[in-house]
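Engineer: have a look at this prediction, sequence included:
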Amino acid sequence: MTTHPAPAEPAPDPAAVLAAIADMRPPLSLWLDVAARRALAHAKHGARSIEHLESPDPAWLPVLVEEIGEVANSLTYDGHTTGIRDELLDVLAVASAWIDAIDRAASDGA
Ligand SMILES: [Mg+2]
């Protein structure tokens, strides 16, 4: 069976992307919250911090799923977390750390 590569998508026009997101909440404050969450978690977990993980590593998915589970728990009647926003920040913190690890691995291999 012959496979064909997917057609390449044209690179987005940066000006069009900026125009498209202009009405969205400025993302900088959100990403500062995520960065702060990562720093706090790193300080809390020390040598076991996910910031030490590389990519690929089998530990990423369980950590991310745990955080997603905490989002779900925050929606239950006995949820005892600090709130869904904080739990979603944890999800973003883990996801962004994982993406950083992927990007580091890619740049190390380049
Ligand atoms: Mg959490």
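Structural biologist: It's in.
Engineer: the residue nearest the centre of the chain: which element?
Structural biologist: In the chain, the residue lying closest to the centroid (CA atoms, centre = their mean) is residue 95, at 2.2 Å. Using DSSP states H and E, residue 95 sits within helix 84-109.
Engineer: avg pLDDT for that helix?
Structural biologist: Mean pLDDT, helix 84-109: 95.
Engineer: tell me who's in contact with the residue nearest to the centre of the chain.
Structural biologist: Residues in contact with residue 95 (CB atoms under 8 Å, 6 or more residues apart in numbering) are residue 64. Quick note: C-beta positions are derived from backbone N, CA and C, even for glycine.
Engineer: thinking again about what came up before, how about the helix holding residue 95 and the ion, touching?
Structural biologist: Yes - judged by CB under 5 Å from the ion, helix 84-109 and the ion are in contact via 87, 90.
Engineer: repeat that for stretch 36-44.
Structural biologist: No - judged by CB under 5 Å from the ion, stretch 36-44 makes no contact with the ion; its nearest approach is 9.0 Å.
Engineer: buried stuff in that stretch?
Structural biologist: Residues 37-38, 41-42 are the ones in stretch 36-44 that count as buried (16 or more other CB atoms under 10 Å).
Engineer: which members of the residues you listed occur in helices, if any?
Structural biologist: Judged by DSSP state H, those include 37-38, 41-42 as members of helices.
Engineer: which one of the residues you listed is nearest residue 88?
Structural biologist: Distance to residue 88, by CB to CB, is smallest for residue 37 among those, at 10.1 Å.
Engineer: excluding residues flanking it in the chain, which one is nearest the closest one?
Structural biologist: residue 93 (4.3 Å; CB to CB, 6 or more residues apart in numbering).
Engineer: who touches the lowest-mean-pLDDT helix or strand in the chain?
Structural biologist: Every helix and strand in the chain was compared by mean pLDDT, DSSP states H and E; the lowest is helix 14-21, with a mean of 80. Here helix 14-21 makes contact (CB under 8 Å, 6+ apart) with residue 27.
Engineer: rerun at 7 Å
Structural biologist: Counting contacts by CB atoms under 7 Å, 6 or more residues apart in numbering, no residue outside helix 14-21 touches it.
Engineer: nice, that's everything, thank you.
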